[in-house]
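Chemist: What would the 3D arrangement of this be:
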Amino acid sequence: MAFPRAEGRRLALKLKGRLSFCRGAAVLLGALFLAWPAFFNGFPLLYPDSMTYMDDGRIVARALFLRKFSEYYGVRSFFYSLSILPWHWNISPWPIVALQCVLVAWVLWLVVRSIVLRRPAVCYLALLLVLSLLTGVGWYADFIMPDILGPVLYLSVYLLAFAGETLSRGERFALYPIAVWGVTAHATHFILAAGLCFILALFFLFDRRPLRQRIRAVGEAAAIIVLAAAQLALHGYLYGKPSLNGERPPYLMARLVADGPGRWYLEKHCPQLQWAVCNHLQELSNDADGFLWDPDGAYESGSDAERDQISKEEIPLVLATLRAYPREQFIRSVANFREQLLAFGLYGFDPSPWMLAQFDSVLPGARASYLKSRQAHDALPLDLLTEIQWWTVIASLGLIAVAIPFLWRRHSPRLAGLSLVIVSMVVANAFVTGVLSVADDRYECRVIWLIPFLAGLFLLDWIGQRRTAKRTDASPAPGAPGAASS
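Modeler: Got it, this is the predicted structure:
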């Protein structure tokens, strides 16, 4: 009997190798589905901040590894800048697109596999093809920005908290650095991850799973946030004091001034205050971006010393404004939240003269290729793509509403957990960005594709259950005519 057992092990390993190859091929094909917007454009999709991220990487790397310090390192995520540096080396951004597309495709594969039990590879490819054509997931995977890492982070937390039994040890260990990268890639990701950890803690208070499993699920999410706090050490090393954002502009001050209550408070109390921002009352704007980035705006037009002082005045102004005009600011914040929740057009890919000028120093060899792209000629069909995504999201919400009773009756813990993560993060993202920063289509568009993704999984799960039920009904009962007898 030794030979058949050895032969059986050999065949099992061969079959496992074939399955691993097929799964890897499915993920790579899914990555190609996601990469079509970059191929269609003729160049990776860029934003003015993209040039800053790619340029800051070498500045921070020189400080870390060569101890060649600089007076200024920018206001973007150092971790994202450092992570993409080996993939572009200020030569070409195409490898960054490959990295992000493969990463997104792999995480989406793990999520689909955790829900769909029959023919997951076929269902995965079908779902990813539809998503890449009807939503902005591919556009943000091909975007040289950390935006796509937010959804990757939230889905990674779902996998660790609700679908850990579907992961191998290697897959689990691989998700940790991916999630940490997602948290450190943008300040809003850190805020949203902390909020998600709190939501999970509340959810697992009422969960029926053993206490040890519940503690582990929340503990893993909390550990990711703690590890992400390494950015405190990096900022402390570069700037001499720990912080989450480095030299962060006063976003909250700009938001309150643009909303009105912050400006009212300054106009009323500046004669008694010794604040630097009071020197720029005439430049105060009802546009938060104008306050921060306009050359004639209150913040950008000030000297370095004035900008530092204005940043220190941010929290005192926020607290004073909330005490003086709580109702007015609450009403305005609710309006900002509603505006951001409904603003998810596929915009933000417009050409920029400033961005083009940065090619000489950031990507000197890629300038000619970029100039041939559709983005450089403002020829991307963004209005059409926005309309397609809008109706896809509306149809997906309708499908989810119809499927919720089915989910409730079937009691699917993983699908329920995924719904909790996706819905809470889509709503929380609109709150954090709309209320604390400024309403912008790009902020919500980077996560809204999760709604059609969830709807697709609802549909695939329902189809799978229907097929299983039909197969069970068609099978003859034991002892019935046609049933196998012993």
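
Chemist: Now for the residue nearest to residue 137 when sequence neighbours are not counted: which residues touch it?
Modeler: In this structure, residue 137 finds its nearest non-sequential neighbour in residue 449, 4.3 Å apart by CB to CB, 6 or more residues apart in numbering. Using the backbone N, CA and C atoms, a C-beta is placed for each residue, glycine as well. Counting by CB atoms under 8 Å, 6 or more residues apart in numbering, residue 449 touches 131, 135-137, 140, 151, 389.

Chemist: Same question for residue 278.
Modeler: 266, 270.

Chemist: Likewise for residue 391?
Modeler: With CB under 8 Å, 6+ apart, residue 391 has no contacts at all.

Chemist: And residue 464, by the same measure?
Modeler: Applying CB under 8 Å, 6+ apart, the residues contacting residue 464 are 116-118.

Chemist: For residue 361, state which of the residues you listed is nearest.
Modeler: Using CB to CB, residue 116 comes nearest to residue 361 of the contacts of residue 464, at 47.2 Å.

Chemist: Now do the contacts for that closest one.
Modeler: Going by CB under 8 Å, 6+ apart, residue 116 touches 123-124, 457, 460-461, 464.

Chemist: hang on, the earlier thing: do you know how far the residue nearest to residue 137 is from residue 422?
Modeler: Distance, residue 449 to residue 422, by CB to CB, to the nearest Å: 10 Å.

Chemist: Can you pull out the low-pLDDT segments for the stretch 51-200 of the chain?
Modeler: For the stretch 51-200 of the chain, applying pLDDT under 70 flags the ranges 74.

Chemist: And for the stretch 251-400 of the chain?
Modeler: Along the stretch 251-400 of the chain, no part satisfies pLDDT under 70.

Chemist: which residue ranges form the helices in it?
Modeler: 251-259, 261-269, 288-293, 304-312, 314-324, 326-341, 353-362, 367-371, 382-410 (DSSP state H, counting those that start in this stretch).

Chemist: Give me the buried stretch members for the fifth one, please.
Modeler: Buried residues in helix 314-324, counted by 16 or more other CB atoms under 10 Å: 314, 317-318, 320-321.

Chemist: Let me have these in TSV, adding distance to residue 327 as columns.
Modeler: Listed next are the buried residues of helix 314-324 as TSV, based on distance: CB to CB, whole Å:
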residue	distance to residue 327
314	22
317	18
318	16
320	15
321	12
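
Chemist: From those residues, pick the one nearest residue 300.
Modeler: For the buried residues of helix 314-324, the nearest to residue 300 is residue 314 (15.2 Å; CB to CB).

Chemist: Now do the contacts for that closest one.
Modeler: 250, 252-253.

Chemist: quick one: which of the residues you listed is nearest residue 310?
Modeler: Nearest to residue 310 among the contacts of residue 314: residue 250, at 5.9 Å, using CB to CB.

Chemist: Check the gap between that closest one and residue 240 for me.
Modeler: Using CB to CB, we find residue 250 at a distance of 20 Å from residue 240.

Chemist: Who has more neighbours out of those two?
Modeler: With neighbours defined as other CB atoms under 10 Å, residue 250 and residue 240 compare such that residue 250 has more, 23 against 7.

Chemist: Excluding sequence neighbours, find me the nearest residue to that one.
Modeler: residue 314 (4.0 Å).

Chemist: distance of the one you found from residue 440?
Modeler: 20 Å.

Chemist: Run a quick neighbour tally on the nearest residue to residue 129 once chain neighbours are set aside.
Modeler: Residue nearest to residue 129 in three dimensions, not counting chain neighbours: residue 33, with 5.3 Å by CB to CB, 6+ apart. Neighbourhood size, residue 33 [other CB under 10 Å]: 20.

Chemist: separation between the residue nearest to residue 137 and residue 147?
Modeler: From residue 449 to residue 147 the distance is 11 Å (CB to CB).

Chemist: try residue 69
Modeler: With CB to CB as the criterion, residue 69 and residue 147 are 30 Å apart.

Chemist: And the strands in the stretch 51-200 of the chain, which stretches?
Modeler: In the stretch 51-200 of the chain, no strands are found when defined by DSSP state E, counting those that start in this stretch.

Chemist: hang on, the earlier thing: if you count surrounding residues, which of residue 69 and residue 147 has more?
Modeler: For residue 69 versus residue 147, the count of surrounding residues by other CB under 10 Å is larger for residue 147: 25 against 12.

Chemist: if I read this right, that one contacts residue 442, doesn't it?
Modeler: Yes. Counting by CB atoms under 8 Å, residue 442 is a contact partner of residue 147 at 7.0 Å.

Chemist: From the recorded domain assignment, give the ranges for the protein.
Modeler: Following automatic domain parsing, the chain resolves into domains at 21-247+342-466, 251-324.

Chemist: how about the contacts of residue 314 in JSON lines, adding distance to residue 337?
Modeler: Output for these, formatted as JSON lines (distance: CB to CB, whole Å):
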{"residue": "250", "distance to residue 337": "20"}
{"residue": "252", "distance to residue 337": "15"}
{"residue": "253", "distance to residue 337": "19"}
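
Chemist: Let me know the closest of those to residue 196.
Modeler: Closest to residue 196 out of these is residue 252 (21.8 Å), distances taken as CB to CB.

Chemist: For the chain, which residue occupies the most central location?
Modeler: residue 150 (1.8 Å; CA atoms, centre = their mean).

Chemist: And it, how close does it get to residue 186?
Modeler: Counting by CB to CB, the separation of residue 150 from residue 186 is 7 Å.

Chemist: go on, residue 299?
Modeler: Per CB to CB, residue 299 is found 21 Å from residue 186.

Chemist: and if you look at residue 210?
Modeler: Taken as CB to CB, the span from residue 210 to residue 186 is 35 Å.

Chemist: ditto for residue 310
Modeler: Distance, residue 310 to residue 186, using CB to CB: 23 Å.

Chemist: now do residue 340
Modeler: According to CB to CB, residue 340 and residue 186 sit 16 Å apart.

Chemist: One more: residue 84?
Modeler: According to CB to CB, residue 84 and residue 186 sit 13 Å apart.

Chemist: what about the helices in the stretch 1-150 of the chain?
Modeler: According to DSSP H, counting those that start in this stretch, the helices that the stretch 1-150 of the chain contains are 2-34, 36-41, 48-65, 78-88, 94-115, 120-134, 137-141, 149-162.
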